[in-house]
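*Asks:* Got a predicted structure here, sequence first:
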6 protein chains.
Amino acid sequence: MSRSFNQPLGGNEMPRFGGPGTMFRLPSAPLSDDLDIAIVGVPLDIGTSNRSGSRFGPRSVRNESVLVRPYGMATRAAPFDSFQIADVGDVPLNTFNLKESIRIIEDYYDQLVSHDIKPLTVGGDHTIALPILRALKKKHGTMALIHVDAHADINDDMFGERECHGTIFRRALEEGLVDGNKMVQIGLRATGYSAEDFDWSRNQGVRVVQAEECWHKSLEPLMAEVRQRIGEETPVYLSFDIDGLDPSVAPGTGTPEPAGLTAAQGLEIIRGCWGTNVVGADLVEVSPPYDPSGNTSLLAANLLFEMLCSFPGCLRRD
Amino acid sequence: MSRSFNQPLGGNEMPRFGGPGTMFRLPSAPLSDDLDIAIVGVPLDIGTSNRSGSRFGPRSVRNESVLVRPYGMATRAAPFDSFQIADVGDVPLNTFNLKESIRIIEDYYDQLVSHDIKPLTVGGDHTIALPILRALKKKHGTMALIHVDAHADINDDMFGERECHGTIFRRALEEGLVDGNKMVQIGLRATGYSAEDFDWSRNQGVRVVQAEECWHKSLEPLMAEVRQRIGEETPVYLSFDIDGLDPSVAPGTGTPEPAGLTAAQGLEIIRGCWGTNVVGADLVEVSPPYDPSGNTSLLAANLLFEMLCSFPGCLRRD
Amino acid sequence: MSRSFNQPLGGNEMPRFGGPGTMFRLPSAPLSDDLDIAIVGVPLDIGTSNRSGSRFGPRSVRNESVLVRPYGMATRAAPFDSFQIADVGDVPLNTFNLKESIRIIEDYYDQLVSHDIKPLTVGGDHTIALPILRALKKKHGTMALIHVDAHADINDDMFGERECHGTIFRRALEEGLVDGNKMVQIGLRATGYSAEDFDWSRNQGVRVVQAEECWHKSLEPLMAEVRQRIGEETPVYLSFDIDGLDPSVAPGTGTPEPAGLTAAQGLEIIRGCWGTNVVGADLVEVSPPYDPSGNTSLLAANLLFEMLCSFPGCLRRD
Amino acid sequence: MSRSFNQPLGGNEMPRFGGPGTMFRLPSAPLSDDLDIAIVGVPLDIGTSNRSGSRFGPRSVRNESVLVRPYGMATRAAPFDSFQIADVGDVPLNTFNLKESIRIIEDYYDQLVSHDIKPLTVGGDHTIALPILRALKKKHGTMALIHVDAHADINDDMFGERECHGTIFRRALEEGLVDGNKMVQIGLRATGYSAEDFDWSRNQGVRVVQAEECWHKSLEPLMAEVRQRIGEETPVYLSFDIDGLDPSVAPGTGTPEPAGLTAAQGLEIIRGCWGTNVVGADLVEVSPPYDPSGNTSLLAANLLFEMLCSFPGCLRRD
Amino acid sequence: MSRSFNQPLGGNEMPRFGGPGTMFRLPSAPLSDDLDIAIVGVPLDIGTSNRSGSRFGPRSVRNESVLVRPYGMATRAAPFDSFQIADVGDVPLNTFNLKESIRIIEDYYDQLVSHDIKPLTVGGDHTIALPILRALKKKHGTMALIHVDAHADINDDMFGERECHGTIFRRALEEGLVDGNKMVQIGLRATGYSAEDFDWSRNQGVRVVQAEECWHKSLEPLMAEVRQRIGEETPVYLSFDIDGLDPSVAPGTGTPEPAGLTAAQGLEIIRGCWGTNVVGADLVEVSPPYDPSGNTSLLAANLLFEMLCSFPGCLRRD
Amino acid sequence: MSRSFNQPLGGNEMPRFGGPGTMFRLPSAPLSDDLDIAIVGVPLDIGTSNRSGSRFGPRSVRNESVLVRPYGMATRAAPFDSFQIADVGDVPLNTFNLKESIRIIEDYYDQLVSHDIKPLTVGGDHTIALPILRALKKKHGTMALIHVDAHADINDDMFGERECHGTIFRRALEEGLVDGNKMVQIGLRATGYSAEDFDWSRNQGVRVVQAEECWHKSLEPLMAEVRQRIGEETPVYLSFDIDGLDPSVAPGTGTPEPAGLTAAQGLEIIRGCWGTNVVGADLVEVSPPYDPSGNTSLLAANLLFEMLCSFPGCLRRD
């Protein structure tokens, strides 16, 4: 184990309620070739159609991430012994112009990719996944996609706009950013504009796992199926909308839908990505104003940690 | 499909955070023979014994119902293609006099029934189910009852009063509004005034399903049993106290009890009513002051939508 | 007194916690020549630079407006005996595109003006005042402006955008929508991008009243000065950003600044407009997610009522 | 100074966040001739017309009263060196029947009066003042009344009911419980059912002090006038609705109205009662569900303490 | 059944929102030989490493315990017919000195044990379990321990301190207060300072049940195993950190970790202790400031009730 | 103007809801001779006697400080053009040991003083002022003290401890850290352990300004008196407990007392220090868990900014 990697500030060096508000108490750093993985905040919420507030997602998730310690107790994963990771801060959006912000995000991730860094992103609304995928595609080509969400996000447009948090995966499929046959959508549920809404995904080859298929059981078998479908080599992007989980575990989000996944199932999905070739991941749609206890942000921080543990190459201690 | 039915205001015609605050963004309308189903608010909370606040239930559930879209994605049910449905507003209670309010409610539902409308009611506290059942009995005779709740609501009296939110189902059985042999109570739990409290129900022939019987599993088998017990023809009333669900999914209620049903189980119960002859339904005991995120109201709105999908005659798209 | 005017639903006809969620419990109505004053919601918050959430302002202010009764007890004003007033609902924005929404708003108010209706608007963020002023100018020419706010909103641009909640009054002055010599800005305070920020206004002839000038005293003398400056004939627009008031009275807003006006001073300003020729007014920047008690919305509803009382022609009972 | 009086549990004997939840950490005691003053809770909220929740007022005010220490630092008053005071608990209401509860309260206070105890009451909604006044009248005859409130509470009826929180002072005047010529109402404001609403009080001889008369100044001169009007001998009842104060200082209440009294003015009123013959007092309408910080209850506890200091005979330390 | 035992104040004698704020509405009483079980509050939170606030745990849990009725509906257990139980109040800590408070707690429990009373404790942070165990050991010798928690609490020190909420069970094992071979830790999860953190427990013979082992299933089989491991005679202490449960059911706690036990599993663990020789139990780490709905405290109250039902000798009604 | 000083990250470079969570968006930096003023967080709350939570004060005040811009609009002060200022982070306390933490703080400030840096501190509870004063005294000798607070903090001990948030200024006077004749305490009020509590201060020569002396008026005359008392040369320490202000403007604090100073008066005090020789200042007792809107932290950030503006040498733009 090389100790030259950045380490989180220890809980005995500084109380958890003190110290810098970076993710996992890691050092801040600029983008550079030294980094393996960059944790990026994208505080965008003008692509959201109902409750806003996810612009405060990055700050709040960072604040609550102080409770996350460096080792995963179930997986024995040791990401900070495995990768050079830093908190690279937030993308400087234009908060008054969605199109322009989408462009700024793509530019930022182009730069990130040029340093051969893998991004772990905290949103922000789900719109941000589209420019991230566009940038990643330039390096990795068409990717596999593991998409956790209450919604399919495959509207053709909303209010006539083609790029917002409800249309991104139609765009991603149309633009060849992701491969429908290597795409899975988990947690979809509730109500739609037509009874056939999710069938568009199915028609692109996507494996659609409605929430009902997940109730009352472990998702480990599902993830075995997913890994088989995707294979070990295909670059995989993991896009995790916190509203894929049940509002009881993640109340602080903009378009909650009842009867979603449990937190345990959320962890099973992320841990089940271990063994695939994850090249990037995001956690989106945390809206702190609807989360008075802070626990949605805390959950999000843990999910982000588990994502780190699923990047290929993460060591496991025995 | 006839498009002459009232349709919810679309999400692209008006942002979900704008537009009228009616249930499901449906038109408001008075009671009339044109309606198949009326959505009624009964903002009563003076029949409640612990935390008040459910007087704001109808307003809050309507506000959060803006997220509900017209089609059920699991059932492919299409209630707004099947029935003429409107939001008929609230019953004008006398908020200082419980007895008088009970009388006003019964009068209102007499009128509703006279138009041959089926009621879908949002409370208010559970007291309201008693005058509703009294009115419905005049048309349907003794009914079957599917009752979801943490409490049996079968006290003989409370503070000497015989009609309040904790006595209604004893009254309903005594008055022959519902048939004990075609009655099921699901989710009862926690603590009681005597260890034998629920046995009174059992002695009336009621199938009592304590929450413990529901833990860790699907309720689909239970609902198959319920459907068999009730049959396809018997008029069925569904009375759903949100506190039947676990406080984690429904924190905003007046007498929460730990270890209740999951939201998924709640949906399974309502969807499991499909195939019976539902003639009315209610969702009660949402107390918005105890629901800072609004998610209890949002859940309630979804449960009401699912109830619409379980009324006989609701089309399903394939 | 003609009783043919729309009247609020009475508190004894329907409890205040029940009934329709329209402003002041007035009837809903479309735009038409029958209306003297239209209450309009503009649920826009994508023009805001810090906390979002004012998209829920119109809904929340309407909800809390149920407590407002028809007569002003200090002024004895009787707006509902004086004008035909209705709640005309919300402007159907494009929530993903600020420029487009600004255009939609202007179109809407063009239409409103064409019916010779005076608008009373509830926001939404302050951006909305710009297209409203543009529409009103077409009818009224250059107007006087009474502007209550913590901020001058006279930036030249923000993130390169020239139309957002921080730039609107520079645009309004540049475009001749308002006359600097008949403009007053009350409540400005706190910190700025330069020490000279407010001097730009002063250089346009604007009377700038920093909050410090208001502390510890009645604003009636100030309003006498303002009325004299403006005169009785000049068309006046009143634009009231709730953050002009102190965060203690209006916590639910997006860019609060300490040591603002008291609620009493807010009322003095609005009541002090009586005697001028008010042709339109708005109340903006209420952000319900930051207002757990609902009292910011309740205050806003009262301020809107007082604005009604200050429209020319409002009867006063003696 | 006799130390035989009940003393609050000291802050160094038990941390303020521990120990019994009685008012001011005083001992609990039953009604008896030993008591000079009894602190009574009346957890009624079914007489309220808008937001409920004041049923939790007594519990919450007691909880927050732990911060109150035994001496008034401005008045140097020493109530616990002056009187035998105890927390006698709550009146056991019938929460489903307002009329019956009003009767229960009157019976309770009859008993209290029979022990020659002066009541200091914490509500509950304002309805409770009526049966208290009825009981006190039996001993003291027609009383003077100092009434702090946003509302006059002089409706003739509400929903046809003649006894609820909006009618009590019309009843009190009609029944001769209080003398209009020795009655003052302070803080009335906002909106009414008619412009002449408050004139009914004036016609009974009541000194009506609308909030506007109080803005921006000390109320000491007003209280000098009040003391002169009432004299030193007339039995005085002080009824303090927390909504007389501004919602910024007392957000947790059921029918808040903007631009009320400051906390300082509230203290000036209570301290200004010193020198009159106070025979009882209440603090009503604290609604804890609308008070997330607990500070409305804390303020209420302090106001109750100051009331103790204004009972005749309270020692002052020099 | 002897009715000479203390009984909770009935829900029809006094509304649940009124009456004394003791646990389960039981009488207060001092420590004495008359008691079988004493309910003790220990309002300590200076041993906590992240969010504070559990100092208000005892008060808040007592407040919410008013909803708990005297009989367990699943177990038909009747603790108030079985034992003399009272609320003995809070331990008078020194809130500025952790070491001193630990000493005070041990002294208090020494005294309690000397009366042959079994303690049921509500915290407060988990530090308090250490002095309790020390006192109990003097009577019972080395005990079995059933420990529910998200964390193992077996750090050697924190900030150089050896006694705080993260070190207590290492101390308890080192000091022979508990027997590693008769100890079980249930619910451990999330992240740690090293991947091997929990192995220290395992090396002491402890049965460590990580949360993952509990997901998606009943814990009844686990508890059968636990009972077998412990036997019927060994004195058992049950220490239940509310953060062992999932943050969705127990949001109000200081160091929440995602994907914990459900409330049902929590009940299964406590009910599964029936049949062992429980000599004391605690429920710790409820932090009310992070629990706006009060439901964490309500859950805690129910868990404490279920603990009463699992003390040996508790009658069950059939 | 030298632009070589650290500048806050601009609002157009990065949206205010994004970017680093440092105070005023300033750079982070270690202690060094380059700094004129260091902004220090001291996240201590184990010295507090009632509500805890101020351990999160530094983080929360930093988060809300993003709204503060670089220039004071009333004073035209330009602190970032005048001084080299940085956020030096938090003091690494031992959160389990108050005595030890007091020692750590003193050591930290010794070091700070050795670099000839002036400290601007954000707490944390008021205990922290004592070790800060001890360190500053080593450099400046006995200082003048301007102390804003609801409480005198001059207890001799609490629970036998001589150093906690209620004893510090007795210690400071006893140890000669501050000069009673050049000390003023502003805002003291409410209730005390004896009627003579504040007289101890007076007996040391302190000018005690109870809140009542401040009501309804400007504090500018008071501050003129204070400046005269202190003179221009004497080193002055400003210690500002947020609870000196009224709970309406600062609800998020641990021991709120009613009828305190307005925010305007708070600003007048700080601005009134201009002209004295301020050598250090603190803002303490912000408790974020009791501040759901975040506005107490936002106010605190503004007060800290104004303190910067009152350090001697701060430029004013004309």
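*Replies:* Thanks, I have the structure now.
*Asks:* Get me the contact residues on chain A for chain F.
*Replies:* Applying Cβ under 8 Å from any Cβ of the partner chain, we find that chain A lies next to chain F at A:13-15, A:17-21, A:28, A:41, A:43, A:55-56, A:58-59, A:62-63, A:89-93, A:95, A:292. All C-beta atoms are positioned from the backbone trio N, CA, C, and that covers glycine.
*Asks:* if you set the cut-off to 7 Å instead, what comes out?
*Replies:* Within reach of chain F by Cβ under 7 Å from any Cβ of the partner chain, chain A has these residues: A:13-15, A:17-21, A:28, A:41, A:43, A:55-56, A:58-59, A:63, A:89-90, A:92-93, A:95, A:292.
*Asks:* which of these count as buried?
*Replies:* Buried subset of those (neighbour count, 16 or more other Cβ atoms under 10 Å in any protein chain shown): A:14-15, A:17-21, A:28, A:41, A:43, A:55-56, A:58-59, A:63, A:89-90, A:92-93, A:95, A:292.
*Asks:* re earlier: near chain B too, which of the residues of chain A next to chain F?
*Replies:* Among the residues of chain A next to chain F, chain B is touched by A:P292 when using Cβ under 7 Å from any Cβ.
*Asks:* Which of the residues of chain A next to chain F fall within strands?
*Replies:* Assigned to strands by DSSP state E, the following of the residues of chain A next to chain F qualify: A:41, A:89-90.
*Asks:* that older thread, from the buried ones among the residues of chain A next to chain F, which land in helices?
*Replies:* Under the assignment DSSP state H, those contribute A:58-59, A:63 to helices.
*Asks:* Count residues in the vicinity of the closest residue to A:G272 other than its chain neighbours, would you?
*Replies:* In space, and not counting its chain neighbours, A:G272 is closest to A:M223: 2.6 Å by Cβ to Cβ, 6 or more residues apart in numbering or on different chains. When neighbours are counted by other Cβ atoms under 10 Å in any protein chain shown, A:M223 registers 23.
*Asks:* Using just helix, strand and coil, how would you label A:M223?
*Replies:* helix (DSSP: H, G, I helix; E, B strand; the rest coil).
*Asks:* contacting residues for it?
*Replies:* A:268-269, A:272 (Cβ atoms under 7 Å, 6 or more residues apart in numbering or on different chains).
*Asks:* which residue packs closest to the most centrally placed residue in chain A, ignoring adjacent ones?
*Replies:* In chain A, the C-alpha nearest the mean C-alpha coordinate belongs to A:D282, at 2.0 Å (Cα atoms, centre = their mean). Spatial nearest neighbour of A:D282, chain neighbours left out: A:T121 (3.9 Å); criterion: Cβ to Cβ, 6+ apart.
*Asks:* thinking that neighbour is in contact with A:I132, fair?
*Replies:* Yes: A:T121 lies in contact with A:I132 (Cβ atoms under 7 Å); the separation is 6.3 Å.
*Asks:* circling back to that earlier point, just name the closest of the ones in strands among the residues of chain A next to chain F to C:L245, please.
*Replies:* Using Cβ to Cβ, A:D90 comes nearest to C:L245 of these, at 31.2 Å.
*Asks:* Specify the beta-bridge partners of that closest one.
*Replies:* Beta-bridge pairing for A:D90 (DSSP bridges): A:G41.
*Asks:* name the element A:G47 belongs to?
*Replies:* Counting by DSSP states H and E, no helix or strand carries A:G47.
*Asks:* which residues touch it?
*Replies:* Contact analysis of A:G47 by Cβ under 7 Å, 6+ apart lists A:98, A:125, A:127, A:164-165, C:96.
*Asks:* ok, which stretches of the stretch 1-150 of chain A are helices?
*Replies:* A:57-64, A:98-114, A:129-140 (DSSP state H, counting those that start in this stretch).
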